[in-house]
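Undergrad: 3D, please:
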Amino acid sequence: MIKNKTRYAILGALSLMQGSGYDIKKFCDNSISHFWNENYGHIYPVLAQLEKEGCIEQVNQNSDNRRKVYQSTQKGKEEFTSWLMTPIDYQPARSELLLKLFYGNFAPKDKILLMLNEVRESKMKQLDEFKRIEDSYIDDEKAQESEVYVYWVAPLRYGIIATEAFIKWCDETIDRIENK
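TA: This is a model prediction of the structure:
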């Protein structure tokens, strides 16, 4: 049975901290959002399911505070660790850009070039952000000493290299279309 991967994003977040649905969303937005997106519509139902299954528990059950704060249980930690060791499910990429380019001969050439240039500019901004994050890690000796440093830097480096490759591809594609 294929399980919703949101559960593992949540269990991963709760392996690092205690938190509410809001805290988990904020954590995801500030850490994994460049390669994994979660939204409240996914998080809250999965939190309820994980709690029902005994994978997480509320830490403030006796509080009058309406904000539910969760932590992972031993069962949740074991499921998360087990999932980390399973083979990766292949997920084909879905790209509206590539779909539009595939059928690009049906659109005016200048509109396709405009679209490519806009996407390229957006990726340049993303690359700048990735490099800013990388620079902050490189300058942070305490972060480098952490046992999780290498695991957090790996997705960042992937993002940098993939974005640089994407920009190179944009340049080549723009050149081919302009010279067609």
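Undergrad: Need the contact partners of stretch 67-75.
TA: With contacts defined as Cβ atoms under 8 Å, 6 or more residues apart in numbering, stretch 67-75 is touched by 11, 14-15, 18-23, 47, 50-51, 53-60, 80. Glycine gets a C-beta too; all of them are placed from N, C-alpha and C.
Undergrad: Now with 10 Å, please.
TA: Applying Cβ atoms under 10 Å, 6 or more residues apart in numbering, the contact partners of stretch 67-75 are 10-24, 44, 47-48, 50-51, 53-61, 63, 76-80.
Undergrad: same check, this time on stretch 129-149
TA: In contact with stretch 129-149 (Cβ under 10 Å, 6+ apart) are residues 16, 34, 150, 152-153, 156-164.
Undergrad: can we see that at 7 Å?
TA: Val153, Leu156, Gly159, Ile160, Thr163 (Cβ atoms under 7 Å, 6 or more residues apart in numbering).
Undergrad: gap between the second one and Lys131?
TA: When you say that, I think you mean Leu156. Counting by Cβ to Cβ, to the nearest Å, the separation of Leu156 from Lys131 is 9 Å.
Undergrad: Which two of the contacts of stretch 129-149 have the greatest separation?
TA: Val153 and Thr163 (15.3 Å; Cβ to Cβ).
Undergrad: Local confidence estimate at the residue nearest in space to the middle of the chain?
TA: With distances taken as Cα atoms, centre = their mean, the residue of the chain nearest its centroid is Trp36 (2.2 Å). Per-residue pLDDT puts Trp36 at 89.
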